[in-house]
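In: Here is a sequence with its predicted model. Questions after.
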Amino acid sequence: MADNILEVKHLKKYFKTNRGTLHAVDDVNFSIRKGETLGLVGESGCGKSTIGRLILGLHSATSGEILFNGQDICRMDAQQMHSMRRQMQIIFQDPFSSLNPRMSISEIIGEPLIIHKIVSSRAELDKRVLELMDVVGLSQRLENSYPHELDGGRRQRVGIARALSLTPQFIMCDEPVSSLDVSIQAQVLNLLKDLQAEFGLTYLFITHDLSVVKYFSDKIAVMYLGQLVETADSDELFRNTLHPYSQALLSAIPEPRAHHKMQRVKLTGELTSPINPEPGCRFAKRCLYAAPYCTGQDPVLQDFGGNHFCACFRAEELREEAAGAAE
Amino acid sequence: MENLLEIKNLTVEYHTQGEIVRAVNGLSLSLRQGESLGLVGETGAGKTTTALSILQLVADPPGKIMGGEIFFEGVDLLKTKKSLLRSVRGNKISMIFQDPMTSLNPVYSVGFQIAEVIRLHESCSQEEARRKAGEMLEMVGIPKERYDEYPHQFSGGMKQRVVIAMSVACSPRIILADEPTTALDVTIQAQVLELMNDLKEKLQTSMLLITHDLGVVAQVCDRVAIMYSGEIVEQGTIPEVFDHPAHPYTIGLFGSIPTLSMSSTKLTPIDGQMPDPTELPAGCSFSPRCPYARAECHKEKPGITRIPGEETHELRCFALGWELPDEALMEVIKRGR
């Protein structure tokens, strides 16, 4: 489709370890439309950050294609990649380790402008940096401060200003608020949302927090051990959760309400190892509904209508059962 | 009901080069038998310092407990002898730390570390301690056979189970749990919370649960205390506080969290940051950020008052005496739920 800014096709990333091949990302397909936000959700170790790094060219893919505006990132040379990076930026999880402690705030925000030779004079650079600081709500007096003088929320704003400095089309947010306090978290989420409206940004929002993703994303992709298990529009996913893992993930979130005790879909055990996985549904070992035929063969994403895809052998059956029980 | 633990007017400061960080400012709190109390606040609110003060684990220097009383079983822990404190720590009052990765010793097997607590506090033989530690492992859902394995062989959730086993090994009266699930994934968090709930019921232990997650509190606790700048600004039972949050800070907190039940409208965060604990504002410490603050709020510190018509709901805010016709405020409260 023409309006897809990013298309990921059959993306694989394997890491060699002493104990075998680690399947960090295993045949993942998705696309993001211009101006949209895709929320990529999963627990630690499921490969979501690896996907983000592959898209930015920070890892090279084992196989597969990543089309950004129709061009395959995996086949670019260093020079092409360099100019491509102007269009895609990242906001890191940890605002404490992602800012150089020896650079002042204005140097941090201005550095990309210098690297990409966007500004021609010192005066222009200063002007642009102040503009950017204004956009993300940092007061001008912080210009010559250093990261250690700022709190987490302000540091994350510096990271956002840096990402915006090249006016990219696409920003990857890797857990941008998970290290912030709730009241600050809301400020940053609101800022990201405002910036998206203002600059028509496209986001890939990587997080483990489903409630943040529900608030933030148009589409959601749920990931488990290197594979996508369910993708759908945000509202649809929460209204009509199909995959047993998504259901468990949803029910595990403690709701901040009185008189609302968790009705948990019990998940026993923990993530199995992504090293040399056996064929078959990777969730089967923890799944409540696992049947003998769930192992032995990989489930594929099936269309359930309305842009809702789910990779589960029993999804159809379970949906009918649930519908029957509701009646 | 009898209070098992009673903190009165606790004040803790950290003295660093020329600066005094006022971490806890005249905090009073009580915990009843079998009750779990959630202590909620943001980074730097003084939650952890409060918990550490109970066991007097605040590092000195720079930390100093400046005043107050902490009564446990009728004894003021702040004035008691060191030897008595040692028999309380890990025995009658135990602690679960936030990060299971760093609270276990990497060079001892997990079983040994649990048995160590038992050997220290109960006079029993090596074998007896080993047997008991094995039982503890089983109780938290880890097979006894893994007794001799080392922390690095366990996943994060399993390690936290080990830490929990250690903390309940001597059947304590009180468990102080400092963000016990923050480092864990949601599905594992749910498992650990369930385990803690089960153990609490089985052993009739009281718990002080420190967290920044209002969701966790709603699922686990009976009462909640909201902390801001080293003070408790609001406390009450879960329904009291969650159904009718009254302090502007609490209301702001509820407006800040995206929840699954809300439709995706804009969040209503609290503007600004927590005040610098080295220069606390003169009046109410929340007044610089408070959208409803009046002149008096900036000058005087509000005391704690019971909200009329509610049993245990207490509030530190002048607004209690005002008429609160604010429709916008009510809107926020409703949407928060």
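Out: All right, it came through fine.
In: Under the pLDDT cut-off, which ranges of the stretch 201-337 of chain B? List them.
Out: B:262-265, B:321-337 (pLDDT under 70).
In: ranges for the helices of it?
Out: Applying DSSP state H, counting those that start in this stretch to the stretch 201-337 of chain B gives helices spanning B:214-220, B:238-243, B:248-256, B:295-299, B:327-336.
In: by contact count, what packs against the third one?
Out: Going back to what we said before, that points to helix B:248-256. helix A:182-199, strand B:223-228, strand B:231-237, helix B:327-336 (3 or more Cβ pairs under 8 Å, 6 or more residues apart in numbering or on different chains; DSSP states H and E). Every residue, glycine included, has its C-beta placed from N, CA and C.
In: With distance to residue A:273 and mean neighbour count added, can I get the helices of the stretch 201-337 of chain B in TSV?
Out: As requested, the helices of the stretch 201-337 of chain B are arranged in TSV below (distance: least, Cβ to Cβ, whole Å; neighbours: other Cβ atoms under 10 Å in any protein chain shown):
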stretch	distance to residue A:273	mean neighbour count
helix B:214-220	28	25
helix B:238-243	39	21
helix B:248-256	37	24
helix B:295-299	56	14
helix B:327-336	40	14
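In: possible to save these as TSV with distance to residue A:73?
Out: Shown next, in TSV, are the helices of the stretch 201-337 of chain B (distance: least, Cβ to Cβ, whole Å):
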stretch	distance to residue A:73
helix B:214-220	38
helix B:238-243	47
helix B:248-256	36
helix B:295-299	55
helix B:327-336	41
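In: still on that earlier bit, just tell me which of the helices and strands packed on helix B:248-256 ends up closest to residue A:44.
Out: Closest approach to residue A:44 among the helices and strands packed on helix B:248-256 (Cβ to Cβ): helix A:182-199, 18.6 Å.
In: what's the angle between the helix or strand just after the closest one and helix A:182-199?
Out: Next along the chain after helix A:182-199, taking DSSP states H and E as the criterion, comes strand A:202-207. For strand A:202-207 against helix A:182-199, the angle by axes from the mean of the first three to the mean of the last three Cα atoms, to 10 degrees is 160 degrees.
In: How about the helix or strand that comes right after strand A:202-207 and chain B, touching?
Out: Per DSSP H and E, the first helix or strand lying C-terminal to strand A:202-207 is helix A:210-216. Yes. Contact between helix A:210-216 and chain B, assessed by Cβ under 8 Å from any Cβ of the partner chain, occurs at A:210-212, A:214-216.
In: and which of those is nearest chain B?
Out: residue A:215 (3.6 Å; Cβ to the nearest Cβ).
In: Chain neighbours aside, what residue packs nearest to that closest one?
Out: Excluding its sequence neighbours, the residue lying closest to residue A:215 (Cβ to Cβ, 6 or more residues apart in numbering or on different chains) is residue B:258, at 3.6 Å.
In: Who are the contact partners of the one you found?
Out: A:186, A:189, A:211-212, A:214-216, B:264, B:267 (Cβ atoms under 8 Å, 6 or more residues apart in numbering or on different chains).
In: quick check, nearest of these to residue A:46?
Out: residue A:212 (16.4 Å).
In: Measure how far stretch B:185-192 is from the centre of its chain, please.
Out: Centre-to-centre, stretch B:185-192 and its host chain are 18 Å apart (Cα atoms, centre = their mean, to the nearest Å).
In: got the contact list for stretch B:121-131?
Out: Contacts with stretch B:121-131, where a contact means Cβ under 8 Å, 6+ apart, come from B:87, B:90-91, B:111, B:115, B:118-119, B:132, B:147, B:170.
In: My error: substitute stretch B:268-280 in the last question.
Out: A:151, A:153, A:183-187, A:190, B:19-23, B:25, B:42-45, B:228-230, B:249, B:252-253, B:255-256, B:281, B:285, B:288-289, B:291, B:332, B:335.
In: could I get it in PDB with only the CA atoms?
Out: This file holds the C-alpha atoms of stretch B:268-280, laid out as PDB (Å, rounded to 0.1, in the frame of the first residue of the first chain):
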ATOM      1  CA  THR B 268      -4.800  15.100  32.900                       C
ATOM      2  CA  PRO B 269      -1.400  15.100  34.500                       C
ATOM      3  CA  ILE B 270      -0.200  17.200  37.400                       C
ATOM      4  CA  ASP B 271       1.900  20.100  36.200                       C
ATOM      5  CA  GLY B 272       5.400  20.600  37.500                       C
ATOM      6  CA  GLN B 273       7.600  18.500  39.600                       C
ATOM      7  CA  MET B 274       7.900  17.400  43.200                       C
ATOM      8  CA  PRO B 275       9.500  20.100  45.300                       C
ATOM      9  CA  ASP B 276      13.200  19.800  46.000                       C
ATOM     10  CA  PRO B 277      13.500  18.100  49.400                       C
ATOM     11  CA  THR B 278      16.300  20.500  50.300                       C
ATOM     12  CA  GLU B 279      14.100  23.500  50.000                       C
ATOM     13  CA  LEU B 280      10.500  22.500  50.800                       C
END
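In: Sort out which residues of that stretch are buried, please.
Out: Within stretch B:268-280, the residues that count as buried by 16 or more other Cβ atoms under 10 Å in any protein chain shown are B:268-270, B:273-275, B:277, B:280.
In: so what pLDDT did the residue nearest in space to the middle of chain A get?
Out: Nearest to the centroid of the C-alpha atoms of chain A, with distances taken as Cα atoms, centre = their mean, sits residue A:206, at 2.1 Å. At residue A:206, the pLDDT value in this model is 92.
In: from what I can see it touches residue A:175, true?
Out: Yes. Here residue A:206 lies in contact with residue A:175, judged by Cβ atoms under 8 Å, at a distance of 6.1 Å.
In: For the stretch 1-150 of chain A, what lies in contact range of chain B?
Out: A:43-44.
In: so where is the stretch 1-150 of chain A shaky, pLDDT-wise?
Out: Counting by pLDDT under 70, the ranges of the stretch 1-150 of chain A that qualify are A:1-2.
In: Which parts of it are helices?
Out: Taking DSSP H, counting those that start in this stretch, the helices of the stretch 1-150 of chain A run over residues A:48-55, A:78-84, A:105-115, A:122-135.
In: Looking at those, which one is packed in the most?
Out: Comparing those by mean neighbour count (mean count of other Cβ atoms under 10 Å in any protein chain shown), helix A:48-55 ranks first with a mean of 23.
In: Extract the CA atoms of it and return them as PDB.
Out: These are the backbone C-alpha positions of helix A:48-55, laid out as PDB (Å, rounded to 0.1, in the frame of the first residue of the first chain):
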ATOM      1  CA  LYS A  48      10.400  -6.100  20.800                       C
ATOM      2  CA  SER A  49      13.400  -4.000  21.300                       C
ATOM      3  CA  THR A  50      15.300  -6.100  18.800                       C
ATOM      4  CA  ILE A  51      12.700  -5.300  16.200                       C
ATOM      5  CA  GLY A  52      13.100  -1.600  16.900                       C
ATOM      6  CA  ARG A  53      16.900  -1.900  16.600                       C
ATOM      7  CA  LEU A  54      16.600  -3.800  13.300                       C
ATOM      8  CA  ILE A  55      14.300  -1.100  11.900                       C
END
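In: any residues touching that helix, and which ones?
Out: A:6, A:8, A:11, A:13, A:24-25, A:28, A:40-42, A:59-61, A:66, A:68, A:73, A:88, A:90, A:172, A:174, A:204, A:206, A:223.
In: Could I have the buried ones of those residues as PyMOL selection syntax?
Out: Remark: buried members of the contacts of helix A:48-55, expressed as a PyMOL selection using 16+ other Cβ under 10 Å:
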select buried, chain A and resi 6+8+11+13+24+25+28+40+41+42+59+61+66+68+73+88+90+172+174+204+206+223
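In: Alright, calling it a day.
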